Every structure is written in structure tokens, then in C-alpha cells.
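Trainee: let me see the structure of the following:
(chains A and B)
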There are 2 protein chains.
Amino acid sequence: MDQTFTFDRLKNFTRNIFTAMGCPAEDAELAASVLLKADLRGIDSHGVARLIGYVRLWENKRINPTPNITIVHETPSTAVVDGDAGLGLVVAPKAMEIAMKKAELVGTGWVSVKNSNHFGIAGYHAMMGLDKDMIGIAMTNASPLVAPTFATERMLGTNPIAVSIPAGKQPPFVADMATTTAANGKLEILQRKGEDAPLGWIQEKDGSPSTNANELKDGGALLPLGGDREHGSHKGYALGSIVDIFSAVFSGANYGPWAPPFVSFLPLPENPVGEGLGHFVGAMRIDAFRPADEFKSHMDNWISRFRETKAVAGKKVLIPGDPEREAELERMKTGIPVNEKVVEDLNEVAKRLGVVF
Amino acid sequence: MDQTFTFDRLKNFTRNIFTAMGCPAEDAELAASVLLKADLRGIDSHGVARLIGYVRLWENKRINPTPNITIVHETPSTAVVDGDAGLGLVVAPKAMEIAMKKAELVGTGWVSVKNSNHFGIAGYHAMMGLDKDMIGIAMTNASPLVAPTFATERMLGTNPIAVSIPAGKQPPFVADMATTTAANGKLEILQRKGEDAPLGWIQEKDGSPSTNANELKDGGALLPLGGDREHGSHKGYALGSIVDIFSAVFSGANYGPWAPPFVSFLPLPENPVGEGLGHFVGAMRIDAFRPADEFKSHMDNWISRFRETKAVAGKKVLIPGDPEREAELERMKTGIPVNEKVVEDLNEVAKRLGVVF
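Mentor: Residues are numbered from 1 along each chain as shown, chains lettered A, B, ... in the order given. Here you go, the predicted structure:
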């Protein structure tokens, strides 16, 4: 059973938890905004459901609540940022601010981040460019859960890519996707509900197909977008690898199987090859290519033409970002449904940190 | 039956054909190099098999053999290039040169191109950065053959993305992929062989699954990477859309269903929304992020660790670019096998342009 809470209640509680962890007020507010954006947009796996995970990492001293976030190297259009083991929810938006400042000056800005932690939904950071007429891009590596094509070993995270593109009268185009068939969060939701997964999402530890949503606990793995070789899983594997390299090899974070796990009960990998987790964010000023009004009027045309695409009976063609935007409008009005197991977790967190839920 | 030719023979012939079309010597040499790179790398669909297609477009006055390629707008890290209806095989490498020059100055360079034509394999352009210790990125929109998730209408091209990343002692990481389950070229190969396609590559005109490799001739469509909604086709659709927007809405080329068809027997779409086809290329100087030697030594570690991934019996985990590099080594030695129907086409082209094959 789900319980429904208002956005304000969950957001205030989340902010108070981050404050209790020792985050400065401004950072706690930002981190709560990023985390809650997932719940609002219907990406239930990445919102308050993960709050207990962040708390446990902090308890294990893997999250620094008062990081000194610094630029360690830069050129006019690039920077590498050291997140000082801060919350990715805080480090990533600050990196995106740097990217946007560079885009203002030289057209585009690209920032690779090391020594960070999980950053919530990639879409939040990408969408920061919308108000400034910038295309925003955000990606991150993550706990190794994904087996490359033909592999039986987990080598990559679900390594999401988000791209946000402003339009004029139409709402923006916002793609936010794991580079796997299905995000790990989708699996976590099935686990909480005790349901099976479709074939093509996961494999057993020997590489054979599985529908067991708990297969990862027995050494199984998520599959790259495409599912199997014949259907292009080598492309999903390549995309996840590119995210890993841009986020971690560019910056000096841990990559591939060395990426630190999000769950605090797993030990950190031995012989780390870098510092913490990595992100990669970018901003492109639209008028660095074409007058923004002209671009946005063509985006309006692009979006309305694609919305009118002839579709199979009973279906319609969506624009990336449509379902999330509709969820956001709905949930601001009617509240956010939270799974009962997550509610238990939130009560547990409240008790542990002495914060009223 | 295939017939085998040496690289030199096919390259010289291709260059002579482009020269006969009126291309300046330097452009004909460049275009032949780009086209032949596909044959060398085992991407048979994008090499000499397409030569007759370029010739037909030129005969229909859709390709300008002596284009005046110009920068129409720029900032320190960006440019929009007008290809003046030239061969994409010539326009794209010139755009990539501009991107690399900008990367030298400000760290990264990003060029969107309008008024171009098909540019061969995306990988060629991305790989131009390798010698300069730059990551190269190349993408293009293409003839509309792909149905978005739930659609029955063809709205996007197979819109490939290539990303090339230098390593140190290891060969580079080179991903070059259509954003569909399978590239159209793979289908063309099945058509020539009279074979069926696997389920999940194509659909009938009403949206139902098909294995008929000729389905596109009956109004069918290719499917976005993922295949169907449950397996993430909305992600392949989003990726193809991003390529379309970066390549064509940024630059002022035709996008979506307005993208001009590669086959000359199809009319140009009515009421064009831009000029010609679009590309998007980018270059990122490695040392704009991190000393190149340090990066390349970590890439060596990344590549060797991924190569050693535990695999299912009888298989090994490959690094993107491995099969193409092996094909290139092999074919430089033993020659390039060409399908008999393609050989017929080459003889036809030779006759039409009065060039010895």
C-alpha cells in the first residue's frame, strides 16, 4: 500500500534530515529540491526512497556534509571539479553552474566531476539550462550492476544520460534515461511489490536470461539497452562506457567495477583507481549556434510534428519528458504516493536523526 | 557471391568517380578515403555499396561537387557550417577540422552543419581527433526510416552517434552506432542475400512485428534501439531525436520527416523546414580536463580491465571498435569482399561516368 504525502511535507522533512547530517542550510535546501524532483516527476526510485541510503553513507563517513567544492583544472570551455566527497545532489548542480558560466562566455561549458556521490536524477541538472536558453546535458557513473555484452560480471552502473532542450510555446524536450534496458530503480519498485521483471532486463550470474527481480542479490546483472547482441546490447554497453569514461576517466574518479557502491553494506572496492564517483555535465548556449527565437520556433515545430505522428491504435507518440511533466503537475496538486516500505525507512531515518517526520 | 578487390583498386576507382563528378582532386581524395574507410572497417553497407547512390544524387543535382563551405555563425567554442550541398564525405571532415581548431584554443569545439549530404561512417570523423589527443564525436540525421515508440509513421533516420577516445598502449575506444536496433545497412545486406531479419529490428506499416528484410518497401519501419516500449525503445527514440535536433535544428537543416532521402528516386519532402541534411561534430582536448598521459594510462587500465571481464562460455567481452579494427587489419592484407550486386552497380557507375573500373 502506498501512503500519499504533500510535496511540502516530504521536501521539508528531507531538508531537515540533510540539515541534521550537518549540511549548511543552503546545501540542505538544494539537495532536498534535487531529491524531491524525482518524486514529483514520477521517478519514485530516485527520490525519498533513496534518503535512507544517503543517511547510511553519511553514517559510514562516505559523505562529507560540508564539502569544499573546488575547480582543480580549467580552460575557457572546460573544468574538472573535486566534489570533496560531498552529496552529489549538491556537487552536480554546482558543477552545472560552472558549465553554464563558461557557456555564457565561450558558447559551451563542459565539467567533469570527481570525488562525488550519487546525484539524484540526471534530468534535474540538465534542466538547469532551460531558463537560460541553454541545452543541458548530465550524466554520471554509478554502482557496478550491469554486465557488458557476453559478460557474466558486473562492470558498469546504469549510467544515465539526460539531455534537456528548450522550446518556445511547447514544453521542453527532456530525455533522462539509464543506458540499460530498465533502470535499477524500476527493479527496486518490482522488488518492493514482489513482482517479476520482463525478460530482457536482467540475467542470472551465468549469463542466462532471468525474470527474477531479486536476481542481482544472487550475482545476476542488469542488461545494457538492447538486451542481447542481436538486438544491439553492444550499443547500450558502449553508451554506458562513454558515460563512465566522460564522468570518471576525464575527472579522476573511480570507473567501471571500481565505482563505489551506493549501498553502505557493501565494502568499497579495493585498490581504487580514483576518488569517489564521477559526473559529467555540459551546457550549450543556443544562440552560440542560431538565434534562440529561431531555434525555439523550430523546436515547437519539431515537437508538434512528432506529437502528431500516426500511431498504433489506442496509443500516441510522446515527446521525451511528457510523462514526467504530467506527473509533476498531478503530484503538485494531489500529493506524492510513497510505498509503505519507504515510509518505514523514512520513520527509521527520522528516529535515527531525531527529526520529526 | 562476393568478389574480392584490393583497397587500392577500390579507392582509386572511387576517387576517379568523384573526380568525374567534378570534385576538385583534394576533395575526391578525401571523399574516397572516407567512403573506403567503411569497407575497410567491415561496415560494407556504407562503403562502395553506396557509391551509386551518391552518383544518382549528383545526377539529380542534389550534390554540388564544388561547394563553397562556409562558417555562417561562430563563438570561441562553436560554429554553424553551411555545406553548400556538398558531399557529406567532404563537408563533415572540414567541419571536424573547425571543431578541432576551436578545441585547441578553448578546450572544446562543437560544429553543427546544414545543407550537407550523407557523410559515410560517423566513426571516420570522430576518429580524426585521435592523433591530436582529442575525443571526437560525430552524428548525423538521415532519411526518415525509423518509427518512434508506438508510431506507424517513419519520422527519424537511423541517426548514428560515434565517439572516439584515445588510449595509450591500447588501441583507441571507438563506438560507432546507429540509434536503432540495427542499422539500415544491416538490412540492405540481408536484402542482397535474400535473408530474413531477426524479430525486433523492423515493423510492418500497421506497427506489428516483422522479419521481412524488405518490409520498408511496403511502408514498414526500422525500430529504435530497445525494440519495444518494455525494452526501452523510448530511449532509442530519444537518442535518435537528440541526434536530429543537434544536427538539424541547431544548424538550420531539415529535421525529422523532412530530412531528404538518400535514394534519388524518392522526391524531396514538400515544404522543407531547412537546407539539406545536418551533422553535428565535436572535439574535446583531453588535456583540457587532465594531463593526456595520465588520462591515456587510465584508459589503458579501463580497456584491459574490461577485456578481462568474465564472460559466458565461448565468448569474450569486446571493446567498442575491436571488430572494426580487426577487419581493417585483415582487409588491408587480403582485400575487400564486395557483393556481386554491388559489383554490378560499380560497373554501371563506371560506364555512366566513363571511368575504368
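
Trainee: so what's A:Ser77 up against?
Mentor: Counting by CB atoms under 8 Å, 6 or more residues apart in numbering or on different chains, A:Ser77 touches A:102, A:106-110, B:76-77, B:106-108, B:288. Every residue, glycine included, has its C-beta placed from N, CA and C.

Trainee: show me which of those is closest to B:Leu35.
Mentor: Proximity to B:Leu35 was ranked across these by CB to CB; first place goes to B:Thr108, at 28.2 Å.

Trainee: is it correct that that closest one is in contact with A:Gly107?
Mentor: No - proximity of B:Thr108 to A:Gly107 does not meet the contact threshold set by CB atoms under 8 Å, at 9.3 Å.

Trainee: these two - which one has more neighbours?
Mentor: Set B:Thr108 next to A:Gly107 and count neighbours by other CB atoms under 10 Å in any protein chain shown: B:Thr108 wins out with 32 against 26.

Trainee: next SSE after the helix or strand hosting A:Met332?
Mentor: According to DSSP states H and E, A:Met332 maps onto helix A:322-334. In the C-terminal direction, the helix or strand that comes right after helix A:322-334 (DSSP H and E) is strand A:336-339.

Trainee: so which strand or helix has A:Ile71?
Mentor: If you go by DSSP H and E, A:Ile71 is part of strand A:70-75.

Trainee: can you give me the buried ones in that strand?
Mentor: Of the residues in strand A:70-75, those buried under the neighbour-count criterion (16 or more other CB atoms under 10 Å in any protein chain shown) are A:73-75.

Trainee: let me know the average pLDDT across it.
Mentor: Rounded to a whole number, the mean pLDDT of strand A:70-75 is 98.

Trainee: then stretch A:44-63?
Mentor: Averaging pLDDT along stretch A:44-63 yields 95.

Trainee: quick one: end-to-end length of that stretch, please.
Mentor: End-to-end distance of stretch A:44-63: 22 Å, with CA to CA, to the nearest Å as the criterion.

Trainee: hmm, that stretch touching chain B?
Mentor: No - contact check for stretch A:44-63 against chain B, using CB under 8 Å from any CB of the partner chain: none in range, with a minimum separation of 15.4 Å.

Trainee: buried residues in that stretch?
Mentor: Within stretch A:44-63, the residues scored as buried using 16+ other CB under 10 Å are A:44-58, A:62-63.

Trainee: C-alpha coordinates for the helix holding A:Met332, PDB please?
Mentor: Output for helix A:322-334, consisting of C-alpha atoms alone and laid out as PDB, is shown next (Å, rounded to 0.1, in the frame of the first residue of the first chain):
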ATOM      1  CA  ASP A 322       5.900  14.300 -21.400                       C
ATOM      2  CA  PRO A 323       5.200  11.600 -18.800                       C
ATOM      3  CA  GLU A 324       7.400  13.200 -16.200                       C
ATOM      4  CA  ARG A 325       5.900  16.700 -16.700                       C
ATOM      5  CA  GLU A 326       2.400  15.300 -16.400                       C
ATOM      6  CA  ALA A 327       3.300  13.500 -13.200                       C
ATOM      7  CA  GLU A 328       4.800  16.700 -11.800                       C
ATOM      8  CA  LEU A 329       1.600  18.700 -12.500                       C
ATOM      9  CA  GLU A 330      -0.500  16.000 -11.000                       C
ATOM     10  CA  ARG A 331       1.600  15.400  -7.900                       C
ATOM     11  CA  MET A 332       2.000  19.000  -7.000                       C
ATOM     12  CA  LYS A 333      -1.800  19.000  -6.800                       C
ATOM     13  CA  THR A 334      -2.700  15.600  -5.400                       C
END
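
Trainee: right, and the helix or strand after the host helix or strand of A:Ser164?
Mentor: Taking DSSP H and E as the definition, A:Ser164 sits inside strand A:161-165. For strand A:161-165, the following helix or strand on the C-terminal side (DSSP H and E) is strand A:173-177.

Trainee: residues in contact with that following strand?
Mentor: Contacts for strand A:173-177 (CB under 8 Å, 6+ apart): A:43, A:121-123, A:126-127, A:160-165, A:167, A:183, A:225, A:299, A:302-303, A:319-321, A:324-325, B:232, B:234-235, B:238-239, B:241-242, B:245.

Trainee: can I get the buried part of those as one PyMOL selection?
Mentor: Listed next is the PyMOL selection for buried residues among these, using 16+ other CB under 10 Å:
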select buried, (chain A and resi 43+121+122+123+126+127+160+161+162+163+164+165+167+183+225+299+302+303+319+320+321+324+325) or (chain B and resi 232+234+235+238+239+241+242+245)
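
Trainee: can you tell me which residues contact A:Met332?
Mentor: By CB under 8 Å, 6+ apart, the neighbours of A:Met332 are A:7, A:40.

Trainee: so, in contact with chain B or not, the strand holding A:Ile71?
Mentor: Yes - Strand A:70-75 comes into contact with chain B when judged by CB under 8 Å from any CB, the residues involved being A:73, A:75.

Trainee: downstream of that strand, the next helix or strand is which one?
Mentor: strand A:78-82.

Trainee: output the contacting helices and strands for that next one.
Mentor: Contact partners of strand A:78-82 among helices and strands, from 3 or more CB pairs under 8 Å, 6 or more residues apart in numbering or on different chains; DSSP states H and E: strand A:70-75, helix A:88-106, strand A:108-116.

Trainee: pick the most buried one from these.
Mentor: Scoring the helices and strands packed on strand A:78-82 by mean neighbour count under mean count of other CB atoms under 10 Å in any protein chain shown gives strand A:108-116 as the most buried, with a mean of 30.

Trainee: contact partners of the following helix or strand past it?
Mentor: Taking DSSP H and E as the definition, the helix or strand that follows strand A:108-116 towards the C-terminus is helix A:122-127. Helix A:122-127 is contacted from outside by A:33-34, A:37-38, A:41, A:43, A:92-93, A:95-96, A:119, A:136-140, A:160-164, A:172, A:174, A:176, A:279, A:281, A:321, A:324, using CB under 8 Å, 6+ apart.

Trainee: residue boundaries of the helices in chain A?
Mentor: In order along the chain, chain A carries the following helices (DSSP state H): A:7-20, A:25-40, A:51-59, A:88-106, A:122-127, A:184-193, A:233-244, A:292-307, A:322-334, A:340-353.

Trainee: got the contact list for the second one?
Mentor: Same thing as helix A:25-40. In contact with helix A:25-40 (CB under 8 Å, 6+ apart) are residues A:7, A:10-12, A:14-16, A:18-19, A:23, A:44-48, A:50-51, A:65, A:86-87, A:89-90, A:92-93, A:119-121, A:123-125, A:327-328, A:331-332, A:336, A:338.

Trainee: tell me which helix or strand in chain A has the weakest average pLDDT.
Mentor: Per-element confidence for chain A was summarised using mean pLDDT, DSSP states H and E. The lowest value among helices and strands belongs to helix A:184-193, with a mean of 84.

Trainee: report the buried residues of that one.
Mentor: In terms of neighbour count (16+ other CB under 10 Å), helix A:184-193 has its buried residues at A:184-192.

Trainee: which of those residues sits closest to A:Arg154?
Mentor: Within the set of the buried residues of helix A:184-193, A:Asn184 lies nearest A:Arg154; the separation is 11.1 Å, counting by CB to CB.
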